[in-house]
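Structure here, sequence nowhere to be found:
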């Protein structure tokens with residue numbers, strides 16, 4: 001019974017429902033639903049999601065996420081999107097503090113097994129992937145019942 005309540009609560013107040021509420025994340029929501037990542041976000045624990053805005057998916061170099069592209073592979077696309085998920089709940093305050101305590105750069109392990117480097121640029125938090133792309137957090141501390149959401153301005157990619 002308790003597990004069912006948790007599942008229902010996550011559907012109403014959780015990560016996926018909060019992503020659904022943000023029009024600027026509709027492409028990210030579509031992607032996580034098509035790749036069944038939404039089930040992970042509802043039932044598999046507490047996560048921090050770095051969710052790219054719609055415009056970020058317009059990059060011509062993202063054919064890995066374009067299901068109409070000749071280079072599209074569902075498993076690779078799922079791995080790419082899991083690069084935006086980090087276990088546990090992070091807040092801006094906690095991220096900033098840990099970046100400072102780590103000497104200016106904090107390594108965050110993602111759900112695909114790779115890592116993101118978080119750094120401060122004045123008062124903004126910048127995320128760097130391992131392919132040379134970076135994303136700026138533009139909206140932070142959206143706090144659903146099972147984690148947190150940060151809206152970012154670019155899609156991050158793993159090697």
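Received it, and whenever you're ready, just let me know what you need. Not measured: the values here are computed from a predicted model.

and residue 45, which of the three is it?
coil (DSSP: H, G, I helix; E, B strand; the rest coil).

so what's the residue nearest to it when sequence neighbours are not counted up against?
Residue nearest to residue 45 in three dimensions, not counting chain neighbours: residue 87, with 6.8 Å by Cβ to Cβ, 6 or more residues apart in numbering. Where C-beta positions appear, they are placed from N, C-alpha and C, glycine not excepted. By Cβ atoms under 8 Å, 6 or more residues apart in numbering, the contact list for residue 87 reads 45, 46, 47, 48, 109, 111.

Mind putting the residues you listed into TSV with neighbour count?
Conversion of those to TSV gives the following (neighbours: other Cβ atoms under 10 Å):
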residue	neighbour count
45	10
46	15
47	22
48	21
109	11
111	19
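
Hmm, which of the residues you listed is lowest in pLDDT?
Taken together, the contacts of residue 87 show their lowest pLDDT at residue 45, with 81.

That residue contacts residue 146, correct?
Yes - with contact defined as Cβ atoms under 8 Å, residue 45 reaches residue 146; the gap is 7.3 Å.
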